[in-house]
Every structure is written in C-alpha cells, then in structure tokens.
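> Take this sequence and fold it.
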Amino acid sequence: MPFNKLTVVLLILTVLVMPGCALLSDDKDEHANWTAKDFYVAAKSALRSGNYDKAIKLYEKLETRFPYGAYATQAQLDIGYAYYKANEPESAIVAAERFIKLHPTNPHVDYAYYLKGLVNYNRGIGFLERFIPTDSSQRDPGAARDAFKDFELLVRKFPNSRYVADAKQRMIALRNNLAMYEIHVARYYMERKAYLAAANRGVHVIEKYQRTPAVPLALTIMEKAYRKMGLDDLADDAARVYAVNYAEGIPNYEGLEDRSVGEIVWDFIGLEE
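Residues are numbered from 1 along each chain as shown. Just a heads-up that it's a prediction; the model follows:
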C-alpha cells in the first residue's frame, strides 16, 4: 500500500515519541509501588552517601506523592540540608524558611533556624578555602551578619535547643570576624591617607565590638590617625586606653580564626608613618 505524506509524518512522530514514553514508563515502574517510607529511606541513604542530587530528587518525589504525614514533613526539613551539602545555599535557605512557615510548632523547627545560620556561616567559602587556611575576616561581611542574626534568633527563641551551644560558639567567631573586617577597612583608609575615615572605623569598633581582638587594633589605628590629623589630645586618649588595658600584652580571644592577635598587631604597628 503506498504511503502518503500524512502516514510518513505519523510514523516519524511515533519513532520520536516512543523513546520518551519508554523512559517515563521505566521511571514510573521503578517507583510505582514505593511507599512514603521507601522514598524516605532511599533519600536518607543517598544523603548519607554524599549523593545529594539523588537525595533531593527522592525527597521531592516523596513530597509530591505523599504530601501529608510524618515522612513528608521530615523530607521538607532534610531537603534543606541536602541543598546545603549540594552547595545550593539559596535553595537551602528557602527550604528552611518554608519549613518554619509550615511547621512553626514542630519539635524539630529549631534545626531549621540553625540550618539557616549554618548556610550563611559557610556562604562564600570557595573550594580552596575549605582546605587552605585564609583570613575569613576579609570576606564580604554580608553573609556573616546574616548568620549572626540567624543564630541570635535561634538562641533567643529556643534557649534549650541542642544546637544553641554550637550557635553561640559560631556567634563568637562571627563577631570577632566582623570586628576584624572593620579593622581591615580602617587600614585601607590609613594607607590612602583618609585618616578621619580610619579613625571613625576605629571608634565604631570600640563602641560596637567590645571584648574582641579588634579593640587593641582599633586603638592603635585611632592613635596613628589622630596624630596625622594633629589631634594630639585624642591620640593621647587612645594611647592611654591601650596602655591601661594591654600593657601586659594582648590576651588570646576565643573564637578568633586563622591568625593570632599578636601576628595581626605587628602588621598595624608597622603601618607607614
């Protein structure tokens, strides 16, 4: 029987569509009889083995097929961690915020708050920085400020949470790093002879970041900046406060990362006159 144009077109479409249908059929068959528990166990296994993409897909399928129940609720929380480990911070935060909104009284909601802080705490850390020590206080402070707020909220809302102790330790490190970031900015101004801006950064550290390793450095910069501007009375005040508090050396501060305070102090003492 001769083929007309319509028959040829239908045959071509059939050839093109059949492989896709086969794939859909295979995928459907693979999970056709899975229960919510089956999905959850498989996703958890993939997560533990480091196959984060697979875990995410399984958690998504679990919630799609079984949107209600304990396994779906736990999947909504676990997928946030999977996104975090897959280096997808925005998706991880969205997942955590969604869980908080949907389940504000869930006994594990404190973890969602903690996860947000953890994501922001590690945001911006590149592959090499995970293995090679760097001065984390020189990174963009935006994520550090967000992380501090996240952990602060966790501590305030859930003071008895199992994650509070770790959050408090991270808050100490974050506060120290935020203070040291101000010092790096102040030094930048000093090197460019913007002495008033440098002194103001030092004052900001004194006012906002007491009991951090940045304080003696702020006093050092303030003294040098005021001397440059001919404000000897203010320079003497800064020097006097430094002498009273740090005459016996600079103490070790909890939560300071990467370099000791003493090493950093020598950098600032060596600022060019």
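> Relative to residue 183, how far out is residue 145?
Residue 145 sits 16 Å away from residue 183, going by Cβ to Cβ, to the nearest Å. Every C-beta, even on glycine, is put in place using the N, C-alpha and C of the backbone.
> Can you read off the pLDDT for the residue positioned nearest the centre of the chain?
Nearest to the mean C-alpha position of the chain, counting by Cα atoms, centre = their mean, stands residue 120 at 1.9 Å. With respect to pLDDT, residue 120 has a value of 95.
> So for residue 145 and residue 183, which residue has more residues nearby?
Neighbours per residue, other Cβ atoms under 10 Å: of residue 145 and residue 183, the larger number sits with residue 183, 27 against 14.
> Next, please give the residue ranges for the helices of the stretch 151-273 of the chain.
Assigned by DSSP state H, counting those that start in this stretch, the helices in the stretch 151-273 of the chain fall at 164-191, 195-208, 214-228, 232-246, 261-269.
> Helix, strand, or coil at the residue nearest to the centre of the chain?
helix (DSSP: H, G, I helix; E, B strand; the rest coil).
> Quick check, it in contact with residue 147.
Yes. Judged on Cβ atoms under 8 Å, residue 120 makes contact with residue 147 at a distance of 3.7 Å.
> Could you pull out the buried residues of stretch 141-149?
With burial defined by 16 or more other Cβ atoms under 10 Å, the residues of stretch 141-149 counted as buried are 141, 143-144, 146-148.
> possible to save those as JSON lines with secondary structure, pLDDT and distance to residue 201?
Formatted as JSON lines, those follow (DSSP: H, G, I helix; E, B strand; the rest coil; pLDDT from 0 to 100; distance: Cβ to Cβ, whole Å):
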{"residue": "141", "secondary structure": "helix", "pLDDT": "80", "distance to residue 201": "13"}
{"residue": "143", "secondary structure": "helix", "pLDDT": "89", "distance to residue 201": "20"}
{"residue": "144", "secondary structure": "helix", "pLDDT": "91", "distance to residue 201": "17"}
{"residue": "146", "secondary structure": "helix", "pLDDT": "95", "distance to residue 201": "21"}
{"residue": "147", "secondary structure": "helix", "pLDDT": "95", "distance to residue 201": "22"}
{"residue": "148", "secondary structure": "helix", "pLDDT": "95", "distance to residue 201": "19"}
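> where does the stretch 51-200 of the chain dip in pLDDT?
For the stretch 51-200 of the chain, the stretches with pLDDT under 70 are 124-140.
> Let me know the closest of the buried residues of stretch 141-149 to residue 193.
When those are ranked by distance to residue 193 (Cβ to Cβ), residue 141 comes first, at 24.1 Å.
> surely that closest one meets residue 180?
No. With contacts counted by Cβ under 8 Å, residue 141 stays clear of residue 180, the gap being 9.7 Å.
> and stretch 207-220, average pLDDT?
So the average pLDDT for stretch 207-220 ends up being 93.
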